[in-house]
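In: Got a sequence here, can you build the structure:
(one chain, ligands or ions: 2)
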Amino acid sequence: MNIMVTGGAGFLGSHLCEQLLAAGHHVLCVDDFSTGREENVITLRSNHRFQVLHHDICLPLNADVDAIYNLACPASPVHYQADPIQTMRTSVLGALNLLELARRRSIPILQTSTSEVYGDPAVHPQMESYWGNVNPIGLRACYDEGKRCAETMFFDYRRQHGVNTKVVRLFNTYGPHMRIDDGRVISNFIVQALQGIDLTVYGAGQQTRSFCYIDDVVEGLMRTMHTPEPISGPVNLGNPGEFTILELANKVLEITHSESKIVYKPLPSDDPRQRRPDIELAAKLLNGWKPRVELDEGLSRTIRYFQQALALS
Ligand code: NAD
Ligand code: UDP
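Out: Ligands and ions are numbered 1, 2, ... in the order given. All right, here's what the predicted structure looks like:
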C-alpha cells in the first residue's frame, strides 16, 4: 500500500514509518518539521519506498495514497502551549483537510487522539465510554479540545460521508527519537539524570501516569489500520502499569546510577491527577494486543538512546 503518515518526522511517526517500510509498504511522510526532526528519518531516506513532503497540514493537500495515519500535532505540553492557536489549527483544520482527502479517495484514515480527551479524569481507570473532564479554557485546552473536536469530525465524516475512520486514544508513550528538549517527563528525567542535574518533579510527584513503550504503540496503530474487521474506535492504546511521578524519578535515578537530586517545582495548571488506560477493548478488537515492554526495560532502552544523543549534541 501507499501510506501517508502525517507527523512522520516526529517521535512516534518516525517509528511508524520505519515499521510500515519494514512491512513492505510505500510511505509518504508529511511533516512541517515544527517539532519533528530530520535525524529521526535520516536512516529511512535511503529507502526508495520512502518519501518526505514538507507541508503544513493546515493547508489542503492531495496525494496518491491508499491510507492515512494522522499523527501531525505537537504532543508535549511545552511545545503545544508555545503556539496554542497553531496547535488548535493543526488539530482541527489539519484533520479536516485529511478527512477531505480520505473522503475524495475513499480510503481509511486513522486519528491519533489522546488520553487528554479524558482531562483530569473522575473515572479511574479510563475506559472509552467515559466522556472526560476537560477545562475548555485552560492552558491545555488548545490540545485537549483540539483533539476532542478532531474526534467529533472523524465520527461525523463516518456518519455523513461513510469514510472509514479510526480513532485511537494514546496514553503517555516514550522511547528513542524523543527530543532532548521535548519537555515531557521521561525525556526530562533521563536527560537530567545523565547530565547530573536536579530532576524536576512538579507538585509533590503524587500524580500518576501510565507509560507505554513506543514499539507497543506502533504495533497497536498498525493492527488498528490493518485488521480485516473495520474498527471505528475510539480505542485506548497504552500500558496499564501506573506509577507516581516520584516513583518514576527514583526509577530513572536507579537505572542511570545518577547522583542527581530531586527538586520540587510548581504543578502546572490543570495537570491531570491520575491516568491509567482500560485496554480490554483493544485486546478484544486487535487480536489480543497488549503491551509487551515493561517500564524498566523501556527506560533502559530509552536511556541508551539518550546517552548517544547527548554524546552527539
Ligand atoms: P511529536 O511532536 O514528536 O510529533 C509530531 C509531529 O507532527 C512532528 O514531526 C511535527 O513536526 C509534526 N507537525 C506538527 N504540526 C504539524 C502541521 N501543522 N503540519 C505538519 N506536521 C506537523 O509528537 P509525538 O509524541 O510523536 O506525537 C504524535 C501524535 O501522537 C500526536 O498527534 C499526538 O497528539 C499523539 N499522541 C502522542 C502521545 C505521546 O505520549 N507521545 C500521547 C497521546 C497522543
Ligand atoms: N512532570 C514533572 N517534571 C517534568 C515534566 C513533567 O514532574 O520535568 C510531570 C507533569 O506535571 C505531569 C507528568 O509529569 O504530571 C507527565 O507530564 P508530561 O508532560 O510528560 O505529559 P502529560 O501527561 O502531562 O501530558
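In: Any residues of the stretch 1-150 of the chain in contact with ligand 2? List them.
Out: Residues of the stretch 1-150 of the chain lying close to ligand 2 by Cβ under 6 Å from any ligand atom are Pro77. Every residue, glycine included, has its C-beta placed from N, CA and C.
In: Looks to me like Thr200 is in a strand.
Out: Yes. Checked against DSSP: H, G, I helix; E, B strand; the rest coil, Thr200 lies within a strand.
In: separation between it and Ile85?
Out: 27 Å (Cβ to Cβ, to the nearest Å).
In: In terms of neighbours, single out the busier of those two.
Out: Thr200 (14 against 8; other Cβ atoms under 10 Å).
In: Quick check: that one vs Phe306, distance?
Out: Applying Cβ to Cβ to Thr200 and Phe306 gives a distance of 16 Å.
In: for Val163, same thing?
Out: 40 Å.
In: quick one: contacts for the residue of the stretch 201-313 of the chain found nearest ligand 2?
Out: Nearest residue of the stretch 201-313 of the chain to ligand 2: Tyr202, at 3.6 Å (Cβ to the nearest ligand atom). Residues in contact with Tyr202 (Cβ atoms under 8 Å, 6 or more residues apart in numbering) are Ile245, Tyr264, Lys265, Pro266, Leu267, Pro268, Asp271.
In: who's in contact with the nearest residue to the second one once chain neighbours are set aside?
Out: In this case it means Tyr264. Closest residue to Tyr264 in three dimensions, ignoring its sequence neighbours and counting by Cβ to Cβ, 6 or more residues apart in numbering: Val201, at 5.4 Å. Contacts for Val201 (Cβ under 8 Å, 6+ apart) come out as Ile245, Leu246, Ala249, Ile262, Val263, Tyr264, Lys265.
In: burial of Pro136, as a residue count?
Out: 9.
In: near ligand 1, which residues of the stretch 51-200 of the chain show up?
Out: Where the stretch 51-200 of the chain comes near ligand 1, counting by Cβ under 6 Å from any ligand atom, the residues are 56-58, 71-75, 90, 94, 112, 114, 170, 172-173.
In: Closest one to Arg292 out of those, please.
Out: Thr173 (13.9 Å; Cβ to Cβ).
In: Please look at that closest one and Val217 and confirm they touch.
Out: Yes. Thr173 is within contact range of Val217, at 4.8 Å (criterion: Cβ atoms under 8 Å).
In: got any residues that touch both of these two?
Out: Joint contacts of Thr173 and Val217 (Cβ under 8 Å, 6+ apart) are Leu12, Gly238.
In: re earlier: ok, so of the residues of the stretch 51-200 of the chain next to ligand 1, who is nearest ligand 2?
Out: Lowest distance from ligand 2 to those (Cβ to the nearest ligand atom) belongs to Asn172, with 5.1 Å.
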